[in-house]
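Engineer: prediction below, plus the sequence it came from.
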Amino acid sequence: MSAAHASRFTEGPITPTLLRFALPLLATNFLHSLAGTWGAIWVGQSLGANALTAVATASVILYMMMGAAMGIGTAAAVAIGQSLGAGDVPAVKRVVGSALAFVMVFSVAVAVAGWLLTPALVGWIGTPEPAREFTTVHLRWTCLSMPSIFTYLVMTMVMRGTGDSKTPFKFTLLWISLSLLLGPLLITGSLGLPRLGIAGLGLGNLLANAAALGALVVFVYTQRLPIALHGDDLRHLRPDPALLSLLVRRGLPMALETLLVQGSYFTLLSMVNGYGAATAAAYSGAAQLWVFVQMPSNALAMSMSAMAAMNIGAGHWPRVEKIALRGCSMSFLIACTATAGVYALGDLPLRLFIPAGGAVLEQAWRINLVALWGWIALSASMGLFAIMRGNGAMLAPMLIFGLTMWVFRVPFALLLRPLLGEAAIWWSFPFGSITSALLALAYYRWGRWRERGLMLAEVTAPLEEVHVGE
């Protein structure tokens with residue numbers, strides 16, 4: 001994408017542009033959730049409810065570790081969007097090289113550490129004994145998939161930073177399609193393949209993602225996209241220290257935010273596990289539906305951030321305010337609709353993961369009655385934080401989420417458990433979401449996030465020296 005092509009983000013109609021950019025993102029999120037749901041269905045129905053606990057546990061840990069990749073990817077996407085808005089196309093390749101170099105080294109280190117520490121981690125969180133072996137096996141396979149998943153994630157994030165959300169969707173479709181096919185085949189041993197049980201889910205996802213990553217790399221280079229590093233551009237994989245430091249510093253709050261948020265879920269999951277295998281399975285089944293309510297808000301937030309970054313780079317601040325208002329309004333309405341739809345279907349969606357007629361299914365339905373609607377409030381937080389991140393303001397969202405999770409949500413569950421029992425855990429979710437939305441609105445209105453300069457202004461001198469050599 002060229003700087004001229006970015007004009008539709010800085011000059012065109014706001015609502016249609018947001019929706020056009022968000023739809024591939026929404027479809028991508030839906031596919032990811034579908035793959036997770038599909039795998040959970042096969043695991044729950046083929047291996048039992050205890051195996052379903054393993055899926056939920058591995059997902060929490062994967063998202064925790066994914067924080068660093070998302071942080072560097074978010075910082076890189078903002079820098080790229082601002083650079084395109086300002087007409088500085090050569091800076092794109094420098095940012096891409098630094099981001100990819102960081103994530104490849106980091107992901108390998110995390111994968112090795114995760115494999116070695118898995119048994120201790122499974123015991124530390126109090127995983128119920130019937131689910132421990134399932135959880136250990138699945139978590140180790142999840143760790144092995146981290147290098148390819150994290151690299152793929154950063155590549156798609158920088159592509160979206162250029163305003164291209166369609167290409168990542170196409171290759172994610174390949175990834176998910178292969179995952180939907182390979183996971184069940186390897187779990188059950190169909191078509192002559194080995195019957196791997198819970199290991200088949202992780203192996204299938206690893207093979208599918210590696211294939212999509214390889215195909216995406218080939219496409220980027222054959223099409224000579226702006227993020228492709230050819231010839232002399234490969235030197236950017238040995239990044240300029242000042243640029244890498246900038247990306248890491250701006251990405252670190254996002255990484256810490258993910259750790260804080262997922263860490264709170266981890267803590268709550270430990271509380272859930274303390275109530276036994278049935279409650280853990282009910283929670284895991286209920287949580288499978290939460291992602292579908294959150295998906296539209298997440299997609300709109302990513303499109304709002306990309307659009308805001310380009311407009312900030314171009315100096316169009318009144319337009320940024322309109323993006324915030326219209327994006328948050330759409331996100332709120334869609335979240336309300338999705339929540340109402342899930343409630344209207346009753347326990348039917350839960351039966352995909354949990355056999356009908358049992359106490360686990362009834363408990364999962366009660367969990368959703370309490371917790372599901374809270375994600376509506378979170379949609380407002382996501383939209384407002386996305387606009388702030390479009391100007392490189394990463395610290396405030398992290399601090400607000402940290403405050404929400406560890407000062408409000410987790411203490412709420414701990415303090416009220418003697419009174420409400422396990423229901424205190426379920427009520428902590430809407431309580432945390434509402435406090436997060438109120439704090440986000442206050443900081444968006446009165447905070448100083450608008451006063452920041454463009455991200456790459458901090459490393460202008462080194463970049464200008466390279467321009468002269470080129």
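Structural biologist: Now that the structure is in, tell me what you want to look at. Numbering: from 1, shown residues only.

Engineer: C-alpha only now, for contacts and for neighbours.
Structural biologist: Fine.

Engineer: pLDDT below threshold where in the stretch 351-470 of the chain?
Structural biologist: By pLDDT under 70, the low-scoring segments of the stretch 351-470 of the chain are 355-357, 457-470.

Engineer: the helices in it, which residues?
Structural biologist: 359-371, 375-389, 395-403, 410-420, 423-446, 460-469 (DSSP state H, counting those that start in this stretch).

Engineer: comparing the ones you listed, which comes out most buried?
Structural biologist: Per-stretch averages of neighbours, counted by mean count of other C-alpha atoms under 10 Å, single out helix 375-389 among the helices of the stretch 351-470 of the chain, with a mean of 26.

Engineer: then that helix to PDB, C-alphas only?
Structural biologist: The C-alpha coordinates for helix 375-389 follow below in PDB (Å, rounded to 0.1, in the frame of the first residue of the first chain):
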ATOM      1  CA  TRP A 375     -18.500  -8.000  27.500                       C
ATOM      2  CA  ILE A 376     -20.800  -5.300  26.200                       C
ATOM      3  CA  ALA A 377     -19.100  -2.700  28.500                       C
ATOM      4  CA  LEU A 378     -15.700  -4.000  27.400                       C
ATOM      5  CA  SER A 379     -16.500  -3.100  23.800                       C
ATOM      6  CA  ALA A 380     -16.400   0.600  24.700                       C
ATOM      7  CA  SER A 381     -13.000   0.200  26.400                       C
ATOM      8  CA  MET A 382     -11.500  -1.600  23.400                       C
ATOM      9  CA  GLY A 383     -12.600   1.100  21.000                       C
ATOM     10  CA  LEU A 384     -11.300   4.000  23.100                       C
ATOM     11  CA  PHE A 385      -8.000   2.300  23.800                       C
ATOM     12  CA  ALA A 386      -7.600   1.600  20.100                       C
ATOM     13  CA  ILE A 387      -7.800   5.400  19.300                       C
ATOM     14  CA  MET A 388      -5.200   6.100  22.000                       C
ATOM     15  CA  ARG A 389      -2.900   3.500  20.700                       C
END
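
Engineer: residues in contact with Val154?
Structural biologist: Contacts for Val154 (C-alpha atoms under 8 Å, 6 or more residues apart in numbering) come out as 69-70, 72-73, 99-100, 103.

Engineer: out of those residues, which sit inside helices?
Structural biologist: 69-70, 72-73, 99-100, 103 (DSSP state H).

Engineer: give me the pLDDT for Ala308.
Structural biologist: Listed pLDDT for Ala308 reads 87.

Engineer: wait, isn't it in contact with Leu384?
Structural biologist: No: Ala308 is beyond contact range of Leu384, at 10.9 Å (criterion: C-alpha atoms under 8 Å).

Engineer: buried sites along stretch 262-272?
Structural biologist: Neighbour-count burial for stretch 262-272, counted by 16 or more other C-alpha atoms under 10 Å, picks out 262-266, 268-272.

Engineer: would you turn those into TSV with secondary structure and pLDDT?
Structural biologist: Below are the buried residues of stretch 262-272 laid out as TSV (DSSP: H, G, I helix; E, B strand; the rest coil; pLDDT from 0 to 100):
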residue	secondary structure	pLDDT
Gln262	helix	73
Gly263	helix	78
Ser264	helix	83
Tyr265	helix	78
Phe266	helix	75
Leu268	helix	85
Leu269	helix	79
Ser270	helix	82
Met271	helix	88
Val272	helix	87
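
Engineer: ok, of those, which one's closest to Ile425?
Structural biologist: Leu268 (6.9 Å; C-alpha to C-alpha).

Engineer: residues in contact with that closest one?
Structural biologist: 410, 413, 425.

Engineer: strands along the chain, start to end?
Structural biologist: Assigned strands in the chain: none (criterion: DSSP state E).

Engineer: okay, now the unreliable bits of it?
Structural biologist: Ranges of the chain meeting pLDDT under 70: 1-8, 49, 52, 60, 84-90, 125, 233, 355-357, 457-470.

Engineer: and Met224, how many neighbours?
Structural biologist: Quick fix: residue 224 is Arg, not Met. Neighbour count of Arg224, defined by other C-alpha atoms under 10 Å: 12.

Engineer: just give the closest residue to Gly161, not the sequence neighbours.
Structural biologist: Ala77 (4.2 Å; C-alpha to C-alpha, 6 or more residues apart in numbering).

Engineer: tell me if I'm right that that neighbour and Gly163 touch.
Structural biologist: No: in this structure, Ala77 is not within contact of Gly163 by C-alpha under 8 Å, at 9.5 Å.
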